[in-house]
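J.: Fold the following, please.
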Amino acid sequence: MASTPVTKDIPRVDHVGSLLRPKELIEKRFALFAGQCTVDDVKALEDKVVPQLVQLQKDVGLTVINDGEVRRVVYNHGIFETLEGMTVVENRPFAEYMPYLPYVPIYQAMGVPGFTSVKCTGKIRRTKPIYTHEFISLKQHVSSQDVRNLKITICGPTWMHLRHGSEYTYDHSIYASDEEYFADLVKAFREEIADLYELGCRRIQFDDPGFAFYCSGVTIAGMAAQGVDREKLLSMHIDVYNAVTANRPADLVITVHTCRGNMKGLHFSEGGYDQVAQKLFKDLDVDAFYLEYDTERAGGLEPLRYLPLHKRVFLGLVTTKSGALEDIETVKKRVHAAAEIMSHGEPKRSYEDALNQISISPQCGFASVFEGNPISEEEQRAKLMLIVQAAKEIWG
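T.: Numbering: from 1, shown residues only. As a prediction, this is how the structure comes out:
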């Protein structure tokens, strides 16, 4: 029986990233869209909200802190919209989205013709910092010894390619192949991560529902119908991630979160991790996975048997889609059930070692879009307190 190697400094409990914005900030952003205030007006209010959310996280007992993503309209905004060579396209038609993505037929059935996305129309270059302003702002509200516990969330590098495919992701007069496109994109991601590291950032989390979409029956059937080699595409996307994370500093913790969609309480797909677990858990070069596990749509815990000994998993056992508070004993039982499965996994390990690889989190953010999920701030606090308490009762 193998023993678990020492892992990086990964907490027993964390939240995924976004937190509810105060009503005043939501209204201010709507006012910005309506031309009734300026960007500086919104930023001034964000500057007041960030320390409040930092204090919330401290008050409930979280040790890893972020800014709740309050400076973003959508959780994954930032890098694709800012890089040179990328063009934001308003109301991009669904004809330029891959039809096998689970949310495309949903929106089409609703009569939505398309929505804003990004297309690569020039050579990709990182000409200015992207997320560093968020980190610099966040540093102001913690002690110097706590800077290493600050987390920045970033959109995954393969998001646009999964969304638009090789045909529509980039202008083919600029890049002749996926390899050329990703080479420049990887360079830009690595430059951003290097700058964040130089500023003191030691925790970066990629947010990528795409890996869960690979588990969707809609996507699996749709890719087959389109003649897309699903395994080959997944392998390519993993390789892109690995090129981004390669040779990172030993004290830099890089993680990935995946879920089945989280827009104002809605989800877009269903399907267990069985479809990707062996390849994803073993081949993706990250330190931990944040996995949605709040409902049956995520399938069973059995795929966790493939988690390598040197990686950790955050079980997203608490939902952010509704305010109903989970039963703490049920949460604890599922953690122990996961450890039991992992102890008999590939490779086998002791139950104690398996339990030591597990942490707890909500299944996703509380506000993946700025309006937030249908949950109150009091309910959000209660859920954060529950996972902290559950972790204390399991691990001490």
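J.: Which stretches in the chain count as strands?
T.: 84-93, 114-125, 151-155, 203-207, 253-258, 288-292, 312-318, 358-362 (DSSP state E).
J.: Next, the angle strand 84-93 makes with the second one.
T.: Same thing as strand 114-125. Between the axes of strand 114-125 and strand 84-93, defined by axes from the mean of the first three to the mean of the last three C-alpha atoms, to 10 degrees, the angle is 160 degrees.
J.: Contacts for strand 114-125 next, please.
T.: For strand 114-125, the surrounding residues in contact (C-beta atoms under 8 Å, 6 or more residues apart in numbering) are 80-81, 83-97, 107, 160, 163-164, 168-171, 174-175, 181, 184-185, 187-188. Backbone N, C-alpha and C define where each C-beta goes, glycine included.
J.: same thing with the fourth one?
T.: Outside of strand 203-207, the residues within contact range by C-beta under 8 Å, 6+ apart are 16-17, 64, 75-76, 148-157, 193, 196, 241, 252-257, 286, 290.
J.: Just the C-alpha atoms of it, please, in CSV.
T.: C-alpha atoms of strand 203-207 as CSV (Å, rounded to 0.1, in the frame of the first residue of the first chain):
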residue,chain,number,x,y,z
ARG,A,203,-2.5,30.6,-4.8
ILE,A,204,-4.1,30.6,-8.3
GLN,A,205,-7.3,28.8,-9.2
PHE,A,206,-8.5,28.2,-12.7
ASP,A,207,-12.2,28.2,-13.1
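J.: and it, how far from the chain's centre?
T.: 7 Å (C-alpha atoms, centre = their mean, to the nearest Å).
J.: just the angle between that strand and strand 151-155, please?
T.: Using the same axes, to 10 degrees: strand 203-207 against strand 151-155 is 30 degrees.
J.: quick one on the thing from earlier: so among the contacts of strand 203-207, which ones count as buried?
T.: Neighbour-count burial (16 or more other C-beta atoms under 10 Å) is assigned, among the contacts of strand 203-207, to 16-17, 64, 75-76, 149-157, 193, 196, 241, 252-257, 286, 290.
J.: check contacts around residue 285.
T.: Residue 285 touches 241-242, 245-246, counting by C-beta under 8 Å, 6+ apart.
J.: what does residue 268 give?
T.: Residue 268 neighbours (C-beta under 8 Å, 6+ apart): 102-103, 106, 209, 213, 260-261.
J.: Spatially nearest residue to it, not counting backbone neighbours?
T.: The shortest distance from residue 268 to any non-neighbouring residue, by C-beta to C-beta, 6 or more residues apart in numbering, is to residue 261 (3.3 Å).
J.: ok so, going back, of the contacts of residue 285, keep whichever come out buried.
T.: Neighbour counting with 16+ other C-beta under 10 Å marks 241, 245 as buried within the contacts of residue 285.
J.: State the number of residues packed around the nearest residue to residue 112 once chain neighbours are set aside.
T.: Excluding the flanking residues, the one nearest residue 112 by C-beta to C-beta, 6+ apart is residue 94, at 7.8 Å. By other C-beta atoms under 10 Å, 18 other residues sit near residue 94.
J.: I figured residue 94 hits residue 113, correct?
T.: Yes. Between residue 94 and residue 113 there is a contact under C-beta atoms under 8 Å: 6.8 Å.
J.: thinking again about what came up before, between which two of the contacts of residue 268 is the distance greatest?
T.: 106 and 209 (13.5 Å; C-beta to C-beta).
J.: Could I get the full set of helices for the stretch 1-150 of the chain?
T.: Using DSSP state H, counting those that start in this stretch, the helices found in the stretch 1-150 of the chain span residues 23-33, 39-60, 79-82, 103-109, 132-139.
J.: To residue 336, which of the ones you listed lies closest?
T.: Residue 336 lies closest to helix 39-60 among the helices of the stretch 1-150 of the chain, at 23.2 Å (C-beta to C-beta).
J.: if you average pLDDT over the closest one, what comes out?
T.: On average, the pLDDT along helix 39-60 is 97.
J.: quick one: contacts of it?
T.: Applying C-beta under 8 Å, 6+ apart, the contact partners of helix 39-60 are 15, 19, 21-22, 24-25, 28-29, 31-32, 65-68, 70-71, 137-138, 141-142, 381, 384-385, 388.
J.: what do you get for stretch 137-151?
T.: 9, 14, 17, 47, 50-51, 54, 63-67, 71, 135, 199-205, 251.
J.: go on, stretch 317-334?
T.: 16, 262, 265-267, 293-295, 301, 315, 335, 360-366, 373-376, 379-380, 382-383, 386-387, 389-390, 393-394.
J.: Do a quick rundown of the helices in the stretch 201-350 of the chain.
T.: Under DSSP H, counting those that start in this stretch, the stretch 201-350 of the chain gives helices at 210-213, 217-226, 230-245, 277-283, 328-343.
J.: pLDDT of the first one, averaged?
T.: For helix 210-213, the mean pLDDT works out to 92.
J.: Can you pull the poorly scored residue ranges out of the stretch 1-150 of the chain?
T.: 1-7 (pLDDT under 70).
J.: before we move on, the earlier item: mind checking which of residue 106 and residue 209 has more residues around it?
T.: residue 209 (27 against 16).
J.: just checking, that one touches residue 290?
T.: No. If you go by C-beta under 8 Å, residue 209 and residue 290 don't touch, sitting 11.4 Å apart.
J.: what touches both of the two?
T.: By C-beta under 8 Å, 6+ apart, residue 209 and residue 290 have these common neighbours: residue 258.
J.: And residue 327, how far from residue 318?
T.: Taking C-beta to C-beta, to the nearest Å as the measure, residue 327 falls 10 Å from residue 318.
J.: which one of those two has more residues nearby?
T.: Ranked by neighbour count (other C-beta under 10 Å), residue 327 and residue 318 place residue 318 first, with 22 against 9.
J.: confidence score at the residue nearest to residue 268?
T.: You'll see residue 261 listed with a pLDDT of 70.
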